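*Asks:* Need the 3D shape of this:
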Amino acid sequence: MPGEDDGVMGAADDAFWMAERSRTTWVDPKADGGGPNSSADIREKFTMQSTEEYVVQYLGTISGVQRSEKELVACVDQAKRAGNVAWNASLTHDSIRLVITKYGFKIMDVNRKEVLLRVPMHKIGWVVHYTEHTGQQVLIIESGVAGGENFKYFLYQTQSEAQANKICETFDDAFQLVHAKSVLESA
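*Replies:* Predicted structure coming up:
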């Protein structure tokens with residue numbers, strides 16, 4: 001994981017990761033109609049200044065060609081059986097910080113002293129979460145360039161299904177925000 005330079009940003013870009021946490025709330029009108037007496041879900045909206053941090057456990061990395069989500073789950077099982085990916089992560093030894101901003105994500109040690117990995121937003125293909133038969137919550141982040149053959153799949157164990165869903169929502173919000181900004185700037 002550390003020292004890989006396939007699209008990982010350098011230390012000079014560290015200033016871009018210094019965004020302050022700034023959130024606004026919004027009501028999801030799809031929740032129950034969004035009328036004036038609505039009990040629609042209220043959640044925080046990811047903004048251009050947002051920085052989200054999550055403590056997760058690192059399971060491993062799978063490299064190779066681009067795979068569909070279904071193919072990847074089978075590949076993860078095979079990598080676990082081969083010993084290339086951890087079956088379970090240790091809270092003490094494998095915990096890391098996953099930091100998400102409009103620029104992408106970075107992985108830091110739990111004490112925030114060392115950046116282990118950076119992946120810019122344009123290199124993130126998708127983020128998927130699934131539950132193993134053991135109840136383990138697995139989060140996979142795809143990194144690579146469409147049409148290329150050098151893809152990386154970063155595997156993390158989350159502490160709960162709710163945390164995994166929140167991480168996926170945060171990535172979705174960040175993707176939507178960056179896409180909307182790109183569309184507005186090109187118009």
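
*Asks:* from here on, contacts and neighbour counts on C-alpha atoms
*Replies:* OK.

*Asks:* Quick one: neighbours of T101, just the number.
*Replies:* Counted by other CA atoms under 10 Å, the residues lying close to T101 total 27.

*Asks:* same deal with E132?
*Replies:* 11.

*Asks:* I figured it was touching V138, is that so?
*Replies:* Yes. Applying CA atoms under 8 Å, one finds E132 in contact with V138, separated by 7.2 Å.

*Asks:* The top helix by length along the chain - contacts with which helices or strands?
*Replies:* For the chain, the longest helix by residue count, based on DSSP state H, is helix 161-186. Here helix 161-186 touches strand 95-101, strand 124-131, strand 137-143, going by 3 or more CA pairs under 8 Å, 6 or more residues apart in numbering; DSSP states H and E.

*Asks:* Spell out, range by range, the helices that occur in this structure.
*Replies:* Using DSSP H, the helices of the chain run over residues 69-82, 161-186.

*Asks:* if we can go back for a sec, which one of the helices and strands packed on helix 161-186 lies nearest to V115?
*Replies:* strand 95-101 (9.4 Å; CA to CA).

*Asks:* Identify the residues contacting that closest one?
*Replies:* For strand 95-101, contacts defined as CA atoms under 8 Å, 6 or more residues apart in numbering pick out 17, 19, 48-58, 89, 105-110, 112, 170-171, 174.

*Asks:* can we see that at 7 Å?
*Replies:* Applying CA atoms under 7 Å, 6 or more residues apart in numbering, the set of residues contacting strand 95-101 from outside is 50-58, 105-110.

*Asks:* what is the rounded mean pLDDT of stretch 143-162?
*Replies:* Per-residue confidence for stretch 143-162 averages out to 89 on the pLDDT scale.

*Asks:* outside of that stretch, which residues touch it?
*Replies:* Contact with stretch 143-162 is made by 56-66, 89, 123-125, 137-142, 164, as judged by CA under 7 Å, 6+ apart.

*Asks:* Could I have the PyMOL command that selects the buried members from those residues?
*Replies:* If you want just the buried ones from the contacts of stretch 143-162 in PyMOL, going by 16 or more other CA atoms under 10 Å, the selection is:
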select buried, resi 56+57+58+59+60+61+62+66+89+123+124+125+137+138+139+140+141+142+164
